[in-house]
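Peer 1: below are the sequence and a predicted model; questions follow.
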Amino acid sequence: MTEPLVRPKRKNPLSKTRAPLLPQGSRSRTALGLTAAAAEGRFALQVCTDCRAAIYPPRDACPRCLSPRIPFEEVANGGTLLAETTIRTSIDVYFRERMPWRVGVVALDCGPSIVTHLHGDAREGERVRMAFKLDRSGQAVAIALPERDTPNMSDDPEWRELTCDPKFRRVLITDGRNAVGQAMAKALSDAQAGIVFVGLADPWKPFPGEQALRRIERVEIVPLDMTDSVSVDDVAGEIGARVDILINTAEHVRAGGMIERKGLTVAREEIDIRYLGLMRLAQAFGPTLRARGADGINSAAAFVNLLSVYALMNWPAYGAFSATEAACLSAAQSLRAELRPGGVKVMNVFFGPLETEWYQTVPPPKVAPAALAAATVDALRRGLEDVFVGDVAQDIRTRLAVNPKAVERELGS
Amino acid sequence: MVARAPYDGVAVAVPVTVPYRRYSTNTAHWWIGRAVHDVVARAGLRPTDIDGFSVSSFTAGPDTAIGLTQHLGLTPRWLDHVPLGGASGVVALRRAARAVQCGDAEFVICVAGDTNHVDSFRNMLTTFSRFAQDAVYPYGSGGPNAGFALITRHYMKRYGATREDFGRICVAQRTNALSFPHALMKKPLSLGEYLSARAISDPIHLYDCVMPCAGAEAFLVCRQDAARSLHLPAARILGTIERHNAFPDDPIQFRGGWVMDIGELYAMAGIAPGAVDFLQTYDDYPVICMMQIEDLGFCRKGEGAEFIRAHTLTADGSFPHNVSGGQLSVGQAGAAGGYLGLVEALRQLTGTALGAKVAEARIGLVSGFGMITYDRGLASGAVLLAGMDA
């Protein structure tokens, strides 16, 4: 049984904030195949193309037939926990302050044995489900979960160390004026976030959905203009030390490519809101997020970017917009590396056309704002790093893995 | 399969232990150099007589055996580097014996030495192997304690061994160590103290763990006639085996590579386990001692605990085991831990024991085990040694 988390008390402002430490993050290049799988929540091992043996730890030759053809593939994640131990002393500073720590060895149904972190409800001798997760260092680690869900299981300390569960964490949603921001506020409130700060530029201006937004439990409106560095800095100065998860919902979607969109005004706005807005958030909130990665139950956990999947490959119908999104993606990769010393994840949530007015002319399938918000909460709970929401985003993701040139041609036809 | 050639004519002599220290400000090169110096001096040789050199060390990096030749001023015509941890002693001896037997070298010094700086153990664990880096260290960083805790826990469940059984091994070794001048652990240990010690990584408790330290061990391999003319008391090799990565499909380790070759070991020697006067197992954790007692043929698989309950394991007991106290009481000086049992066996067989003596020690069995690169020890080896007169 997992002991349910207790809502943390208000922090004594004089007490020292524990400096974030990381578990060892160095891996062989081959082992980064596990990191790629964990980033998207897949359980993948190397599987030999020639003899079909599943392989672990990651290798560069099949230990059964010596074949060099051993790509990562999704495999069955069931297994049996053969033995467990509770580590009470560790030479590593990260684990030292988290003792005692349970680990075990699981015989996987697909073949190999795996040394793994243990969820508190995984029992020796019993069946378990395995998952690869990104630990605080950003690298993949395995964790064994009980075969069936148990009460409060997401509150388990070893599990929570690998996830960004919003429960009791305080969230900032940067723009509540749009449908996505409002859906996000509702979803995070429902996910038991401690406080849901919602940013509004010019809060006195009425907007659709305003009453419903203000009625959501634990929502606190903050005046936040993403195009104004002073405004972003002011908000960070006021609530920055209480923001554990930042979700950037600022959007600016306009159709048109490089030639047909006349002038630079729209492009400048786009870049100001999206790319420079991201940079303003990073500079204002980043240092505090990074310093608060080990700050108790409601430690800083994630910086969430909502990105058009066309950040990955330009869609000329929305060509200039796609280019700005690509700039945001590139910036997010930098931010990811910069926040990693704090153990704070940068999560990129990719989506195709949304069910909103700016994609009015685009045929379905489209993603409803509530679905995007639900997928974001799910990804936070699972500690993912790259999430593809909806059919279009997943389609693009799959096709890019096969032939990026084909995607370029097809999107441009 | 072709039968292995015997090791006729080979002598193993001049067992040297450089007294261990918990922490050392010296380098591995200093410890290795000191051991080589002592072998040369006690053998009555000059450094230029040494034409074969075998080194094991975790902390001599970035140097290997070749760098050490220049460091120590040796000009060998046969050189070996044996990075096999707890199996280093047996494997170094096997190779050196063939070199001497075949005339590739006349006087081979086999040496293992490591230093222990304040943080060298931690540094070694983080970079011990690629599998450790990728698939073990990030899981709690419990080091070997956690890995062997899993093996121990599984063994206890599978075969019904108890902490008391492991305690008997540790307590007997401490008794043996009390008269061994180089042991770092100098206080007696009772079974009660063993059982009430603090948990390290369940079911591993404090006295199941070796203490990392600095030290060196060495011996000389040469022809028996050379040993005689130098008036060196020596032992001879009745048989020896090694095996690596045995039973890779066992989901968790409960046996070692000895199982694959043990019949051949005794067949080469022409003896049965009952003829062995004392056993030197590799004792990084007591469960591994128990596995060796089974896998080396002293009882059947799973009956190790019962065997231990039926015997006394002190040097004067019914089954003398790790008679200088083993690593559990002497300390684990890195790769020298893989030499400790062998060097002590040589002292017992040549009548030069420093502490407890096994009465009428004629045949000793020394076993090596090493290199947990992922979830199990990969290297194993064993050698049956006899005194020259036995």
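Peer 2: Nice, I can see it.

Peer 1: tell me the contacts of the residue of the stretch 251-400 of chain A found nearest chain B?
Peer 2: Nearest residue of the stretch 251-400 of chain A to chain B: A:G343, at 13.4 Å (C-beta to the nearest C-beta). Just so you know, the C-beta spots here come from the backbone N, C-alpha and C atoms, and that holds for glycine as well. Contacts for A:G343 (C-beta atoms under 8 Å, 6 or more residues apart in numbering or on different chains) come out as A:P20, A:L21, A:L22, A:R136, A:S137, A:G293, A:A294, A:S299.

Peer 1: 10 Å instead?
Peer 2: A:G343 makes contact with A:20-23, A:94, A:135-138, A:161, A:290, A:292-294, A:299-301 under the criterion C-beta atoms under 10 Å, 6 or more residues apart in numbering or on different chains.

Peer 1: so which of those residues also contact chain B?
Peer 2: A:P23, A:Y94, A:D135, A:S137 (C-beta under 10 Å from any C-beta of the partner chain).

Peer 1: give me the number of residues near A:M313?
Peer 2: 18 (other C-beta atoms under 10 Å in any protein chain shown).

Peer 1: B:H117 versus that one, what's the distance?
Peer 2: 53 Å (C-beta to C-beta, to the nearest Å).

Peer 1: before we move on, what about A:D135?
Peer 2: 28 Å.

Peer 1: give me the residue from the stretch 251-390 of chain B nearest chain A.
Peer 2: Closest point on the stretch 251-390 of chain B to chain A, by C-beta to the nearest C-beta, is B:P251, at 4.1 Å.

Peer 1: got the phi/psi numbers for that residue?
Peer 2: phi -60, psi -30 (degrees, to the nearest 10).

Peer 1: mark out where each domain of chain A begins and ends.
Peer 2: Domain assignment for chain A by automatic domain parsing gives A:32-160, A:170-411.

Peer 1: out of those domains, nearest to B:V108?
Peer 2: domain A:32-160 (33.9 Å; C-beta to C-beta).

Peer 1: most remote residue from the middle of chain A, which is it?
Peer 2: A:C65 (37.8 Å; C-alpha atoms, centre = their mean).

Peer 1: residue contacts, A:K11?
Peer 2: Contacts of A:K11 by C-beta under 10 Å, 6+ apart are A:T17, A:A241, A:R242, A:D295, A:G296, A:N298.

Peer 1: pretty sure the fourth one is in a strand, no?
Peer 2: Spelled out, that is A:D295. No: read with DSSP: H, G, I helix; E, B strand; the rest coil, A:D295 is coil and lies in no strand.

Peer 1: give me the phi and psi for the residue nearest to it when sequence neighbours are not counted.
Peer 2: Distance criterion C-beta to C-beta, 6 or more residues apart in numbering or on different chains; nearest residue to A:D295, sequence neighbours excluded, is A:T17 at 5.4 Å. Backbone torsions of A:T17, given as degrees, to the nearest 10, read phi -80, psi 120.

Peer 1: ok, B:A382 next?
Peer 2: Torsion angles, degrees, to the nearest 10, at B:A382: phi -160, psi 150.

Peer 1: pretty sure it contacts B:V259?
Peer 2: No: in this structure, B:A382 is not within contact of B:V259 by C-beta atoms under 10 Å, at 11.1 Å.

Peer 1: who has more neighbours, the two?
Peer 2: B:A382 (30 against 18).

Peer 1: what's around the nearest residue to that one once chain neighbours are set aside, how many residues?
Peer 2: Excluding the flanking residues, the one nearest B:A382 by C-beta to C-beta, 6+ apart is B:S367, at 4.5 Å. Here the number of neighbours of B:S367 (other C-beta under 10 Å) works out to 30.

Peer 1: tell me the strands beside whichever helix or strand B:S367 is part of, with direction?
Peer 2: Here B:S367, judged by DSSP states H and E, is contained in strand B:363-372. Strand B:363-372 has these partner strands in its sheet, going by DSSP bridges: strand B:278-280 (parallel), strand B:377-387 (antiparallel).

Peer 1: send me the last one as PDB with only the CA atoms.
Peer 2: So the one you mean is strand B:377-387. The C-alpha trace of strand B:377-387 is given here as PDB (Å, rounded to 0.1, in the frame of the first residue of the first chain):
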ATOM      1  CA  GLY B 377      30.400 -12.400 -11.100                       C
ATOM      2  CA  LEU B 378      31.800 -13.400 -14.600                       C
ATOM      3  CA  ALA B 379      35.300 -14.800 -13.900                       C
ATOM      4  CA  SER B 380      35.900 -17.900 -11.900                       C
ATOM      5  CA  GLY B 381      38.900 -20.100 -11.500                       C
ATOM      6  CA  ALA B 382      40.500 -22.600  -9.100                       C
ATOM      7  CA  VAL B 383      43.800 -24.200  -8.500                       C
ATOM      8  CA  LEU B 384      44.800 -27.300  -6.500                       C
ATOM      9  CA  LEU B 385      48.200 -26.800  -4.900                       C
ATOM     10  CA  ALA B 386      50.400 -29.200  -3.000                       C
ATOM     11  CA  GLY B 387      53.600 -28.800  -1.000                       C
END
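
Peer 1: cheers, nothing more for now.
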